[in-house]
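*Asks:* A predicted structure for the sequence below; I have some questions about it.
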Amino acid sequence: MSRRLLRSVSALFLLSACACPPEPFGAVPDAGQLEWQKMEINMFCHFGPNTFSGLEWGSGAEPEDLFNPSSLDCRQWARTAAAAGMKGIIITAKHHDGFCLWPNPVSTHTVACGSWRDGQGDVLRELSDACREYGLKFGVYISPWDRNDPDYGTPEYNSKYAETLRSVLDGRYGPVFEEWFDGACGEGPTGRRQEYDWPLFHRTVRELQPDAVMFSDVGPGCRWVGNERGSAGLTNWSTLDIDGFSPGAGAPPVDTLQSGNRGAASWIPAEADVSIRPGWFWRESEEPASVDALMKIYYESVGRNALLLLNVPPDTSGRIPAADSLRLMEWRARIDSEFAVDLCRDARFRAPCRPGFPARRLGDGDFDTYWSAPAGLLTPCVEIEFPSERRFDRVVLQEYIPLGQRVCAFAVDAFCADGWQEIASGTTIGYKRILLTTPTSARKLRIRITSSLASPVLSGVGIYQSNEIQ
């Protein structure tokens, strides 16, 4: 080997040896939580006897024959969700009334006990098959509260509920990406309340669906955002202190659910649930929310480091109403239009960096490549220069969360005619933060990290021009 070649090989070796990624900081998402966060928007489908009675919470005394969709079409649900850009569907397999949309072998209050399809129907089978056909993930809401089961309020019920979970999660419906645990705990048909055996329930899910993300007020996979408006806190940590808390009445305070806890030991990101209609179950008298209202929800959920779970309830025919489907398509078109062109793609990025993790990665559109500040630098600045003046009113920031959530505060400056002007600021970033700014024209942009728990690691910066200024 020539001396010149040896020097080149040695230089490459030294360069690769220096390109050591940062160590993870604090709590980090597991593989399932990371993939869950990347889904961004999922569909919730509240469907059951309440669809036919007009109630939000059934009594549990409704006859099984009440559930009787005239033309159930789960493929239409999946087709609608996929066209709206959603990545998964969660179905209310069992709501508080105890009625099961599948033939649960430990219950007599199920589709197998009614007249619909002569007792041979199975909504979960049809929906899970439809999700696979359209490339969606399948999830289930199985309420532990049961206003029908005579064993509710006794130790025996916990075992029966675990068997209920088993009958859905044992693989017969394929992979389940999320198990949605409602913490509601009211009286059963005998007036008794249940003390839930949460460790048993969690073990059952882990045994049967180890990759499923479990939802409740305290996770362990993801947490309730603290309201049903689909709005996360302006500060939203994906970490949460759960010691001493439990789902339902023992949940953390609402403001904590909204904001999480800075530097907490458990990674439990927020899920923002909200309905496209005023109620959770379909009612003929209600109409879907406007596109503007849905955009507000999008910016306050996905845009604030939360996953959006949008409820779209099927009607008594067993189909998503045309008005709701049309509204979803209009909403998707608005999102796609506002984020069609990232005006940062041809920009030049400058920032101090850890060797091997340069600032130019911030503009490549790839979440899995990232810029890292040098070790120990907690308040770096990223400067972005455009080939020509850009006009925009949306700024998108993303942290590389596999290494933890680090940023505590930041500001965005634009270089305008009068020099640098601050146009936005915030606290947390997390997986995604979308900032709505006043319409701004600038040749340069600057992201200043003003406080962080460890050296910042960002995967992306983007700027966009919304329909409002086009």
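*Replies:* Great, that's in hand. Everything numeric here is computed off the predicted structure, so don't read it as measured data.
*Asks:* okay, CA-based contacts and neighbour counts for the rest of this
*Replies:* Will do.
*Asks:* doesn't Arg334 lie inside a helix?
*Replies:* Yes: membership of Arg334 in a helix is supported by DSSP: H, G, I helix; E, B strand; the rest coil.
*Asks:* next, the contact list for it, please.
*Replies:* Contact analysis of Arg334 by Cα atoms under 8 Å, 6 or more residues apart in numbering lists Val291.
*Asks:* so it versus Val302, what's the distance?
*Replies:* Distance, Arg334 to Val302, by Cα to Cα, to the nearest Å: 15 Å.
*Asks:* sketch out the low-pLDDT regions of the protein for me.
*Replies:* Residues of the chain meeting the criterion pLDDT under 70: 1-18, 469-470.
*Asks:* got phi/psi on the residue nearest the centre of it?
*Replies:* The chain has Leu307 as the residue nearest its centroid, 2.1 Å off, counting by Cα atoms, centre = their mean. Per-residue torsions, Leu307: phi -90, psi 140 (degrees, to the nearest 10).
*Asks:* let's number from 39 now, not from 1
*Replies:* Fine by me, first position is 39 from now on; the one you just mentioned is Leu345.
*Asks:* in terms of contact, does it touch Ile306 like I think?
*Replies:* No: Leu345 is beyond contact range of Ile306, at 11.7 Å (criterion: Cα atoms under 8 Å).
*Asks:* would you map the helices across the stretch 289-438 of the chain?
*Replies:* When secondary structure is read from DSSP state H, counting those that start in this stretch, the stretch 289-438 of the chain shows helices at 292-297, 329-339, 360-376.
*Asks:* could those go into CSV alongside distance to Gly64?
*Replies:* What follows is the helices of the stretch 289-438 of the chain, written out as CSV (distance: least, Cα to Cα, whole Å):
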stretch, distance to Gly64
helix 292-297, 17
helix 329-339, 24
helix 360-376, 33
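*Asks:* okay, now the residue nearest to Tyr336 when sequence neighbours are not counted: neighbour count?
*Replies:* For Tyr336, ignoring the flanking residues on the chain, the nearest one in space by Cα to Cα, 6 or more residues apart in numbering is Leu346 at 7.2 Å. By the other Cα atoms under 10 Å criterion, the neighbourhood of Leu346 contains 30 residues.
*Asks:* Leu346 bridge partners, please.
*Replies:* Going by DSSP bridges, Leu346 is paired in beta bridges with Ile79, Ala310.
*Asks:* return the distance of it relative to Ser463.
*Replies:* Going from Leu346 to Ser463 by Cα to Cα gives 23 Å.
*Asks:* for the helix or strand in which Leu474 is found, name the packing helices and strands.
*Replies:* Per DSSP states H and E: Leu474 is located in strand 471-490. With contacts taken as 3 or more Cα pairs under 8 Å, 6 or more residues apart in numbering; DSSP states H and E, strand 471-490 sits against strand 419-437, strand 445-454, strand 457-464.
*Asks:* dump those strands to a markdown table, plus mean neighbour count and distance to Thr202.
*Replies:* Formatted as a markdown table, these follow (neighbours: other Cα atoms under 10 Å; distance: least, Cα to Cα, whole Å):
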| stretch | mean neighbour count | distance to Thr202 |
| --- | --- | --- |
| strand 419-437 | 19 | 39 |
| strand 445-454 | 20 | 42 |
| strand 457-464 | 15 | 44 |
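*Asks:* adding distance to Tyr199, write the ones you listed out as CSV.
*Replies:* As requested, the helices and strands packed on strand 471-490 are exported to CSV (distance: least, Cα to Cα, whole Å):
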stretch, distance to Tyr199
strand 419-437, 39
strand 445-454, 41
strand 457-464, 43
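*Asks:* out of these, which comes closest to Gly288?
*Replies:* Smallest distance to Gly288 across the helices and strands packed on strand 471-490 (Cα to Cα): 28.0 Å, for strand 445-454.
*Asks:* give me the angle between that closest one and strand 457-464.
*Replies:* Per axes from the mean of the first three to the mean of the last three Cα atoms, to 10 degrees, the angle that strand 445-454 makes with strand 457-464 is 150 degrees.
*Asks:* pairing partners for strand 445-454, with directions?
*Replies:* Strand 445-454 has the following strand partners under DSSP bridges: strand 457-464 (antiparallel), strand 471-490 (antiparallel).
*Asks:* quick check: which of those is buried the most?
*Replies:* Across those, averaging neighbours per residue (mean count of other Cα atoms under 10 Å) puts strand 471-490 on top, at a mean of 19.
*Asks:* which helices and strands sit right next to whichever helix or strand comes after that strand?
*Replies:* Per DSSP H and E, strand 471-490 leads on to strand 495-502 as the next helix or strand towards the C-terminus. Applying 3+ Cα pairs under 8 Å, 6+ apart, one finds that strand 495-502 contacts strand 409-410, strand 419-437.
*Asks:* what's around the residue nearest to Gly224 when sequence neighbours are not counted, how many residues?
*Replies:* Leaving aside its chain neighbours, Gly224 sits nearest to Arg231 (5.8 Å; criterion: Cα to Cα, 6+ apart). Around Arg231 there are 17 other residues, counting by other Cα under 10 Å.
*Asks:* list the beta-bridge partners for Arg231.
*Replies:* Residues in beta-bridge contact with Arg231 (DSSP bridges): Glu225.
*Asks:* let me see the contact set for it.
*Replies:* Taking Cα under 8 Å, 6+ apart as the criterion, Arg231 is in contact with Tyr190, Gly191, Cys223, Gly224, Glu225.
*Asks:* rerun that using 7 Å as the cut-off
*Replies:* By Cα atoms under 7 Å, 6 or more residues apart in numbering, the contact set of Arg231 is Gly191, Cys223, Gly224, Glu225.
*Asks:* alpha carbons only: can I get the strand holding Leu474 in PDB?
*Replies:* Below are the C-alpha coordinates for strand 471-490, written out as PDB (Å, rounded to 0.1, in the frame of the first residue of the first chain):
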ATOM      1  CA  ARG A 471     -43.600  21.200  16.800                       C
ATOM      2  CA  ILE A 472     -45.500  23.300  14.300                       C
ATOM      3  CA  LEU A 473     -45.300  27.100  14.800                       C
ATOM      4  CA  LEU A 474     -47.800  29.400  13.200                       C
ATOM      5  CA  THR A 475     -46.100  32.800  12.500                       C
ATOM      6  CA  THR A 476     -47.200  36.000  11.000                       C
ATOM      7  CA  PRO A 477     -46.400  36.100   7.200                       C
ATOM      8  CA  THR A 478     -42.700  36.600   7.000                       C
ATOM      9  CA  SER A 479     -40.300  37.400   4.100                       C
ATOM     10  CA  ALA A 480     -36.600  36.600   4.800                       C
ATOM     11  CA  ARG A 481     -33.300  35.500   3.300                       C
ATOM     12  CA  LYS A 482     -32.100  33.900   6.500                       C
ATOM     13  CA  LEU A 483     -33.600  32.100   9.500                       C
ATOM     14  CA  ARG A 484     -32.100  31.300  12.900                       C
ATOM     15  CA  ILE A 485     -33.200  28.700  15.400                       C
ATOM     16  CA  ARG A 486     -31.800  29.500  18.900                       C
ATOM     17  CA  ILE A 487     -32.000  26.800  21.500                       C
ATOM     18  CA  THR A 488     -32.200  28.900  24.700                       C
ATOM     19  CA  SER A 489     -32.400  26.000  27.200                       C
ATOM     20  CA  SER A 490     -31.900  22.300  27.100                       C
END
